[in-house]
Each structure stands twice: as structure tokens, then as C-alpha cells.
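> any chance you can model this:
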Amino acid sequence: MKRLIHWTQLLAENLIMVLVLVLVTLTIVQVFFRYVISNPLSWSEEVTRYCLIWIVLLGTGLGLNHQGHLGFDSLVCLLPRRSRKIAILFKYILIAVAAFFLLIVGTMYALKARGTTSPAVGMSNVFVFAALPISAATWLIFIAGQMADVIMDRNQGEK
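Take a look at the predicted model:
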């Protein structure tokens, strides 16, 4: 399980780095073309929007893996050890249910997007809609690892 989490995290981090590089480069090029050459690119805003969608959704998974999201830790820490463990597991179960729902719904939307293309670039919309189910799958992997840590009493689910 740890190896799967490690490789999932590594893949997500590297994909995010590439997408941020593409997003920043295209934004700079678009500004140059719009204000210096006075001939804006018709497709760059669409590509940067799609990059941002992937960055946010994959980044959400990394935030889950690093326990970086907002929570009520001060309340949970007041609970006795066993109750704290149950509360943490309950939190992970809720996140897993939401991620599973997004995996199913996202897959349905991605499948419905087959045969449609983006207006400016002309690429299949499946690539855009696939961001949700793929990201939800990463969330499930990360949450499964954290639940295993809580159940096995490794760091009580906290990093």
C-alpha cells in the first residue's frame, strides 16, 4: 500500500509541476501576443483553464495525503484516544464516500463527453472530464493509506 501511495503521490506531483509550467508559459505567451503583438491567441486561455482544472483536482489529493485541509483538530484532540480514533476514521469514511461518488459521477460525465471536442483546441473533452474520476481515484488511494495508519495505530492518522 505504501508503494502505491508513494508512486501515486510522485505521479501527481510531477504532473502538477508540468501543468504549472505549461500554465505559466502559456499565460506569459498570451500576454505577449495580446499586448505586444496585438494578436491574441485563440486557444491559450482554454488550455490554461484545463491545466488549472487538473492542477486543482490533483492538488486536492496531495492536500489530503499531507493532511493539509481545514479540519477541527482542536476538538478531536480533546477526545479520549479511542473516541479520537473513531472520529478520525469517520472523517476518512466521509471523504472516501464523497470521493467514490465523484469517481462514479466523473466517470459518467467523461464517458458522455466522448465524441465532443473543446471549441478552441479541438481536443476531446474526455481529457478534461477525466480529471475528476482520476483525481477521485487518487483521493481514495491516499485515504485508504491514512485509514490503514489509523487502524494499525501508526501516527493515529496524523502526519
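> which elements pack onto the helix ranked longest in the chain?
Longest helix in the chain, counting residues (DSSP state H): helix 81-112. Taking 3 or more CB pairs under 8 Å, 6 or more residues apart in numbering; DSSP states H and E as contact, the helices and strands that helix 81-112 lies on are helix 73-77, helix 126-129, helix 131-151. Heads up, the C-betas are built off the backbone N, CA and C, glycines and all.
> how about residues contacting the second one?
This means helix 126-129. With contact meaning CB atoms under 8 Å, 6 or more residues apart in numbering, helix 126-129 is reached by 50, 53, 106, 109, 110, 111, 112, 113, 114, 118.
> any of these buried? List them.
Neighbour counting by 16 or more other CB atoms under 10 Å classes 50, 53, 106, 109, 110, 113, 118 among the contacts of helix 126-129 as buried.
> just put these in a markdown table and tack on pLDDT.
Formatted as a markdown table, these follow (pLDDT from 0 to 100):
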| residue | pLDDT |
| --- | --- |
| 50 | 97 |
| 53 | 97 |
| 106 | 97 |
| 109 | 96 |
| 110 | 96 |
| 113 | 94 |
| 118 | 92 |
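> nearest to residue 76, of the contacts of helix 126-129?
Minimum separation from residue 76 among those (CB to CB) is found for residue 106, which lies at 29.6 Å.
> worst-scoring helix or strand of this structure, pLDDT-wise?
Here the helix or strand of the chain ranked lowest by mean pLDDT, DSSP states H and E is helix 73-77, holding a mean of 80.
> show me what that helix is packed up against.
helix 81-112.
> what comes up buried for the helix it packs on?
In helix 81-112, counting by 16+ other CB under 10 Å, buried: 84-85, 87-88, 91-92, 95-96, 99, 102-103, 106-107, 109-110.
> contacting residues for residue 92?
Shown in contact with residue 92 (CB under 8 Å, 6+ apart): 143, 146, 147, 150, 157.
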